[in-house]
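Student: Need the 3D shape of this:
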Amino acid sequence: MSSRRWRKMTWGIVAWSGLILGLTVVQMLMTATKNCSSFDLDDADCIRIEVNGRSAAVAEWLVRGVVIWIIGFGVLAVIAGVLAAILPARRASRLNVLEALQYE
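Tutor: The predicted structure follows:
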């Protein structure tokens, strides 16, 4: 597979991932706003948050969902970083050090 084609495919995957992630977050925010808009904090599903004197009610499942997404993307980033480092490291380990330094 050519480098240009690989790059286009990668951009497509990133674009579709962003679209799906964005739509999921918007849906979660809309549902959380709808369910907690009455500020009925006796309900166990809502959490009251105060920032700079302003208060808001947020769905508890939304807070948990955001934490799970952050942890998931962090793990995914670590896995992608390790996989991206393996190929160049394997190539470098096969080089003869003296020949490689000769061209520097």
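Student: Go ahead and list the helix or strand containing residue 57.
Tutor: Using DSSP states H and E, residue 57 sits in strand 54-59.
Student: Quick check: next helix or strand after that strand?
Tutor: helix 60-94.
Student: how about that next one: buried residues?
Tutor: When neighbours are counted by 16 or more other C-beta atoms under 10 Å, the buried residues of helix 60-94 are found to be residue 62. For the C-beta atoms, the positions are set from N, CA and C on the backbone; glycine is no exception.
Student: for it, the distance to its chain's centre please.
Tutor: Taking the mean of its C-alpha atoms, helix 60-94 sits 9 Å from the chain's own mean (C-alpha atoms, centre = their mean, to the nearest Å).
Student: any idea how far residue 80 is from the most centrally placed residue in the chain?
Tutor: For the chain, the residue nearest the mean C-alpha position is residue 73 (3.6 Å; C-alpha atoms, centre = their mean). From residue 73 across to residue 80, the span is 10 Å (C-beta to C-beta, to the nearest Å).
Student: try residue 98
Tutor: Plainly put, residue 98 is 34 Å away from residue 80 if you go by C-beta to C-beta.
Student: ok, now residue 71?
Tutor: Residue 71 sits 15 Å away from residue 80, taking C-beta to C-beta as the criterion.
Student: quick one: residue 97 from residue 80, how far?
Tutor: Look at residue 97 and residue 80: by C-beta to C-beta, they are 29 Å apart.
Student: Kindly report the same for residue 70.
Tutor: As judged by C-beta to C-beta, residue 70 and residue 80 stand 16 Å apart.
Student: Also residue 57?
Tutor: Taking C-beta to C-beta, one finds residue 57 at 36 Å from residue 80.
Student: do the same with residue 48
Tutor: When C-beta to C-beta is the yardstick, residue 48 and residue 80 sit 37 Å from each other.
Student: Helix, strand or coil: sort out residue 47 for me.
Tutor: For residue 47, the reduced secondary structure class is strand; criterion used: DSSP: H, G, I helix; E, B strand; the rest coil.
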